[in-house]
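Asker: give me the fold of what follows.
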Amino acid sequence: MTQETVIKPETIILSASSETKLIEKKKQISIQELVESLKSTADDIGQISELSSEEKILVSQFFVSLLKLMAPLVPSIPVTQSALPAQFGDVVQAHVDPTGHLVLQYEDGPVELRNLSEEKNRDLLMGIVSDIVPKFKSLTSNQKRKLEDRIKLLSIVTKEIQKSSDALSAAMSPGQ
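Answerer: Numbering: from 1, shown residues only. Here you go, the predicted structure:
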């Protein structure tokens, strides 16, 4: 019986010692995982900062280019209501002006301006860009078609006027 009592406490001590080692190992792994996670978070924060700067530059360049392209074509581009977030409510009309503002006209009369170049409006900008780019393409295609039609008409008329002018010049020349 003496041996049994000695053996059992040793077994318990060994079990407690093994559990302690497992717990310590788990704590060490957890601390290592936490440190690695924090290092990864720091890397992400650095990249977020760089990407935010790049995004800011691109948004600025986007609106400068949009202004140059819109100026000869239209004063603003309409935005489909379905491209707007539901939280905007009863918007009757919406359009983007070349300076990067979303103009929202509400059913009850007020007009609201949202600066799409502001960082807080970037998600809104993405939805609106998807809506206005095809419309802008349509505007440029229509402008191109109008110019082609005018050139075609002017070309025909100019050739006929040149023929008449040449004939008149020949008839009026002193040598005849």
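
Asker: tell me which helix or strand the spatially most central residue of the chain sits in.
Answerer: Taking CA atoms, centre = their mean, the centroid of the chain lies closest to residue 126, which sits 3.4 Å from it. Using DSSP states H and E, residue 126 sits in helix 122-172.

Asker: any residues touching stretch 46-59, and which ones?
Answerer: Contacts to stretch 46-59, defined as CB atoms under 8 Å, 6 or more residues apart in numbering, come from residues 100, 116-117, 119, 122, 125. For the C-beta atoms, the positions are set from N, CA and C on the backbone; glycine is no exception.

Asker: and for stretch 111-128?
Answerer: Contacting residues not belonging to stretch 111-128 are listed as 52, 55-56, 59-60, 63, 79, 83-85, 96, 100-106 [CB under 8 Å, 6+ apart].

Asker: ChimeraX command to pick out the buried ones of those?
Answerer: Selection of buried members from those for ChimeraX, criterion 16 or more other CB atoms under 10 Å:
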select :59,63,79,84,96,100,101,102,103,104
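
Asker: beta partners of the closest residue to residue 101 other than its chain neighbours?
Answerer: Distance criterion CB to CB, 6 or more residues apart in numbering; nearest residue to residue 101, sequence neighbours excluded, is residue 113 at 5.0 Å. For residue 113, the beta-bridge partners are residue 103 (DSSP bridges).

Asker: let's see the pLDDT reported for residue 113.
Answerer: Note on residue 113: pLDDT of 94.

Asker: next one: it from residue 59, what distance?
Answerer: 17 Å (CB to CB, to the nearest Å).

Asker: circling back to that earlier point, of the contacts of stretch 46-59, which is the nearest to residue 165?
Answerer: Ranked by distance to residue 165 (CB to CB), the contacts of stretch 46-59 are led by residue 100 at 50.3 Å.

Asker: residue contacts, that closest one?
Answerer: Residue 100 touches 59, 63, 66, 115-117, counting by CB under 8 Å, 6+ apart.

Asker: phi, psi of it?
Answerer: Torsion angles at residue 100 (phi, psi; degrees, to the nearest 10) stand at phi 90, psi 20.
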